[in-house]
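Novice: Predicted structure and sequence below. I'll ask about it afterward.
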Amino acid sequence: MGIQRVSSKWAKTAVLQRSRIVNEYIPVTRKYSRQTLERMTELFESNYIKPDRGTYGNGVMRVKTTRLYEPVVNSEDSTTDTEVSEETNDRNLPDEPEASAVTSKATYLTTTYQLQYGTEERSFHSLDELERALNDRIQEREYIIQQGISLMKHEDLPFDLRVLTQKNLQHNWETTGILGRVAAPGKIITNIHGGGRLATFEELVLPHLQQDGFKKLRNELYRLGIHTAVQLQTSFPRLKEIGIDIALDEAGRPWILEVNTLPGIYAFGLLPDKEAYRKIKRYAIAYGRLPSKKSKSSRPSPKAQASSAKKRVRR
């Protein structure tokens, strides 16, 4: 039986939400619809809208909602303000509360939605306008909407983490690596294919946490990788590896953004810890993700195959 892959973000999220332990790490996530768009933009300042199926951060959009109370100014208020200005000098203005009292009683709420896709940004002043712009990109495809997490930053650029968990040689789940990804300037995703760059877990997190806090977080992420894999395996029994995208908020709390069942492993080979990468490859070979060295060496080279064919022809 082959290694199981699950492409639907919503299918994986729904399974994880059934675990009391794992669910605490999942931002509010719903299937996208007009109703959930309205509700989520009421609840959260930032929301991410993602294709249910997709890789490399393609199709991901962010909506930021800003609400302001604006003063109501009518002609009578304007006349009154003018008369007050003429009858008083500048030194007396701070002692006159009447003008501001009128304004504080009469205000109205304005809502602005800022939509970002890649580096392109557009603003809308109604939910209908926002929905039309989203539907132009979504079309008939299935999407999810997820509470935005204000990411911890490295040199003023947001970053997230990738936690790799694999089946080990004893067929148990083991977290084998953590790497960091820093977003490119102006981008809303950290994915390497979207211009992000690799970094070590230590480089990104140690400046924000004391050594004890760093060790505690690392242990928490290693345990979370195993809890997540075990929970997913209850519904997807042939999983062998997962990559968990983790956001750290500004307080250092980890959040699961999504889980990939075909995680990239070669990026770990670009990090300084080569022993960890050798273990990752060893496990991947054992469960069939990578070909073994033995199978590679036992396969005849093209030159040897040609020589063998000539000998058969001579016979």
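Specialist: Sure thing, it's come through.
Novice: residue boundaries of the helices in the stretch 51-200 of the chain?
Specialist: 75-87, 98-105, 127-138 (DSSP state H, counting those that start in this stretch).
Novice: rank those by pLDDT, which is bottom?
Specialist: Note on these: lowest mean pLDDT is at helix 75-87, with a mean of 43.
Novice: same for the lengthiest helix in the chain, what does it pack against?
Specialist: Criterion DSSP state H: the longest helix present in the chain is helix 211-233. Applying 3 or more Cβ pairs under 8 Å, 6 or more residues apart in numbering; DSSP states H and E, one finds that helix 211-233 contacts helix 9-16, helix 20-23, strand 157-167, strand 173-182, helix 201-205, strand 241-248, strand 254-260. From N, CA and C alone the C-beta is placed, and that goes for glycine too.
Novice: Which of these sits closest to Tyr222?
Specialist: strand 173-182 (4.2 Å; Cβ to Cβ).
Novice: What pairs with that closest one, parallel or antiparallel?
Specialist: Using DSSP bridges, strand 173-182 pairs in its sheet with strand 157-167 (antiparallel), strand 197-200 (antiparallel).
Novice: Just name the most buried of those.
Specialist: Among these, strand 157-167 has the highest mean neighbour count (mean count of other Cβ atoms under 10 Å), at a mean of 23.
Novice: Dump it to CSV, keeping only the CA atoms.
Specialist: The C-alpha trace of strand 157-167 is given here as CSV (Å, rounded to 0.1, in the frame of the first residue of the first chain):
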residue,chain,number,x,y,z
LEU,A,157,9.5,40.5,8.4
PRO,A,158,6.9,37.9,9.5
PHE,A,159,8.0,34.3,9.8
ASP,A,160,6.5,30.9,10.4
LEU,A,161,7.8,27.4,11.1
ARG,A,162,7.6,24.0,9.5
VAL,A,163,7.5,21.0,11.8
LEU,A,164,8.4,17.7,10.2
THR,A,165,7.0,14.5,11.8
GLN,A,166,7.7,11.0,10.3
LYS,A,167,7.2,7.3,11.0
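Novice: tell me the mean pLDDT over that strand?
Specialist: Averaged over strand 157-167, pLDDT sits at 96.
Novice: got it, and stretch 107-118?
Specialist: Rounded mean pLDDT across stretch 107-118 is 89.
Novice: Which strand residues bridge Met61?
Specialist: Ile49, Tyr117.
Novice: Determine the three-state secondary structure at Arg30.
Specialist: Secondary structure for Arg30, judged by DSSP: H, G, I helix; E, B strand; the rest coil, is strand.
Novice: Let me know whether it touches Thr36 as I believe.
Specialist: Yes - using Cβ atoms under 8 Å, Arg30 is in contact with Thr36, at 4.3 Å.
Novice: joint contacts of these two?
Specialist: Shared contacts of Arg30 and Thr36 (Cβ atoms under 8 Å, 6 or more residues apart in numbering): Ile145.
Novice: do you know how far Ala267 is from Gly180?
Specialist: According to Cβ to Cβ, to the nearest Å, Ala267 stands 10 Å off from Gly180.
Novice: Also Ser235?
Specialist: Using Cβ to Cβ, we find Ser235 at a distance of 29 Å from Gly180.
Novice: hmm, back to that, dump the helices and strands packed on helix 211-233 to CSV, plus distance to Tyr277.
Specialist: Output for these, formatted as CSV (distance: least, Cβ to Cβ, whole Å):
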stretch, distance to Tyr277
helix 9-16, 26
helix 20-23, 27
strand 157-167, 10
strand 173-182, 8
helix 201-205, 14
strand 241-248, 14
strand 254-260, 18
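Novice: So for Ile226, which of the ones you listed sits nearest?
Specialist: Ranking the helices and strands packed on helix 211-233 by proximity to Ile226 (Cβ to Cβ) places strand 173-182 first, at 4.8 Å.
Novice: Between strand 241-248 and that closest one, find me the angle.
Specialist: Calculated by axes from the mean of the first three to the mean of the last three Cα atoms, to 10 degrees, strand 173-182 forms an angle of 50 degrees with strand 241-248.
Novice: re earlier: nearest to Gly288, out of the strands paired with strand 173-182?
Specialist: With Cβ to Cβ as the criterion, Gly288 lies closest to strand 157-167 of the strands paired with strand 173-182, at 10.2 Å.
Novice: Spit out the contact partners of Phe203.
Specialist: I think there's a mix-up here, since residue 203 is Glu and not Phe. Counting by Cβ under 8 Å, 6+ apart, Glu203 touches His154, Gly180.
Novice: pLDDT at it, what is it?
Specialist: Glu203 is assigned a predicted lDDT (pLDDT) of 96.
Novice: Not counting residues beside it along the chain, what's closest to Leu151?
Specialist: Of all residues not flanking Leu151 in the chain, Pro158 sits nearest, at 3.7 Å (Cβ to Cβ, 6 or more residues apart in numbering).
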